[in-house]
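**Student:** Following is a predicted model, sequence given first.
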Amino acid sequence: MACAGWQSALDPQGPEARHLSDLFWTFTAVVAAVWVLTMLALLAALRRRRPADADPLATNPVVEGRMTKVIATAVGLTAITVLALTGVSYATQKRLFSTHVPGVTIRVIGHQWWWEVRYEHAEASQAFTTANEIHIPVGEPVTVKLNSSDVIHSFSVPTLFGKQDNITGRENEIQFTAEREGIYRGQCAEFCGWQHAHMSLLVVAKPREEFERWRVQQIKAADPPTDPERTKGQEVFLSKPCVMCHSVRGTPAGGKVAPDLTHIGSRQQIAAATLPMSRGNLAAWIVDPQGIKPGVHMPLIKLDPEEVDPLVSYLEGLK
Ligand code: CUA
């Protein structure tokens with residue numbers, strides 16, 4: 001995951017990731033010191049080894065006594081080091097899971113091979129579902145509840161939090177805070193099948209007001225198309241099997257097994273952060289999903305060549 005950048009555990013952008021990064025460097029420093037000391041001891045032993053023709057069974061009580069002391073000290077120091085590292089690790093764990101009142105609560109459900117993202121709210125009218133892109137207010141604790149619809153996945157956004165598994169029939173909960181505005185990349189971190197490597201997501205941290213604007217827009221149903229091209233695109237979309245799996249709120253499309261497309265045009269990437277959002281990539285994905293992500297559950301839908309452009313315009317316009 002590299003030393004810096006939007007998906008590096010060594011480039012923490014929040015307190016939780018910093019605790020983990022500090023732990024990593026503490027362990028690295030201690031084990032490096034142990035390695036250096038061990039190598040020095042080995043070199044000293046090699047320099048002072050007995051001549052090749054010495055009697056291997058000859059013993060010297062003075063030397064034996066000294067060696068017993070040295071070995072006992074080394075065993076004691078090893079035990080203390082291991083116990084100290086265990087204590088430091090436990091303290092980090094405690095800090096990581098001491099939670100605050102969250103600014104936002106999000107449920108992230110792992111699917112082969114994409115992320116369903118539900119913004120939970122006490123009022124049903126304020127809750128909504130999106131996919132593969134999480135928006136959060138900067139500087140506020142965000143609670144993420146994790147589960148899975150099929151196999152075990154692992155939610156990992158290294159710059160904000162370590163990782164936590166998405167497990168079927170079980171709810172794991174984590175909390176993190178993004179200190180700076182920006183886009184952080186996450187990746188499924190548990191092998192979950194053929195397209196595990198193409199199961200990524202983006203976390204977009206922005207100021208509260210901008211987040212609110214985004215949230216209000218996401219709650220809305222899709223605007224009906226106004227131009228003929230997009231109107232035709234919607235007709236194509238609604239007449240094809242797309243609606244069996246995908247939802248576009250405000251239309252009869254209500255499938256729940258694939259990403260919600262109500263505001264697909266507002267997302268930065270498609271196919272679980274596999275491709276940047278663009279007309280060309282949308283068209284390529286619709287026409288040949290198996291070519292881009294072999295094994296993906298999106299089937300090949302037969303489209304006439306003149307249906308592709310309007311369909312892409314329709315989807316691209318779902319902002
Ligand atoms: Cu989902 Cu790996």
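**Tutor:** Happy to help now that I have it. Numbering: from 1, shown residues only.
**Student:** need the strands for the stretch 51-200 of the chain, in chain order.
**Tutor:** Taking DSSP state E, counting those that start in this stretch as the test, the strands found in the stretch 51-200 of the chain are 104-111, 114-119, 128-131, 133-137, 142-148, 153-156, 163-166, 172-176, 182-188, 200-206.
**Student:** in the third one, what counts as buried?
**Tutor:** In this case it means strand 128-131. Phe128, Thr129, Thr130, Ala131 (16 or more other Cβ atoms under 10 Å). In short, each C-beta sits where N, CA and C put it, glycine included.
**Student:** which one of those residues is nearest the ligand?
**Tutor:** Proximity of the buried residues of strand 128-131 to the ligand was ranked by Cβ to the nearest ligand atom; the top entry is Ala131 with 13.6 Å.
**Student:** tell me the pLDDT at that closest one?
**Tutor:** Ala131 is assigned a predicted lDDT (pLDDT) of 95.
**Student:** now do Val63
**Tutor:** With respect to pLDDT, Val63 scores 84.
**Student:** Tell me how many other residues crowd it.
**Tutor:** Residues contacting Val63 under the criterion other Cβ atoms under 10 Å number 10.
**Student:** quick one: it from the ligand, how far?
**Tutor:** In this view, Val63 and the ligand are 57 Å apart by Cβ to the nearest ligand atom, to the nearest Å.
**Student:** mind listing what the closest residue to Gly250 other than its chain neighbours touches?
**Tutor:** Here the nearest residue to Gly250 in space, its sequence neighbours aside, is Ala221; by Cβ to Cβ, 6 or more residues apart in numbering that works out to 3.0 Å. The contact partners of Ala221, by Cβ atoms under 8 Å, 6 or more residues apart in numbering, come to Arg249, Gly250, Thr262.
**Student:** Show me which of these are buried.
**Tutor:** Going by neighbour count (16+ other Cβ under 10 Å), the contacts of Ala221 have Arg249, Thr262 buried.
**Student:** wait, which of the contacts of Ala221 is closest to the ligand?
**Tutor:** Proximity of those to the ligand, judged by Cβ to the nearest ligand atom, is greatest for Thr262, which lies at 23.4 Å.
**Student:** wait, doesn't Ala4 sit right on Leu10?
**Tutor:** Yes: contact criterion Cβ atoms under 8 Å: Ala4 and Leu10 qualify, at 6.8 Å.
**Student:** So for these two, which sits in the more crowded spot?
**Tutor:** Taking Ala4 and Leu10 together and counting by other Cβ under 10 Å, Leu10 has the greater number of neighbours (16 against 10).
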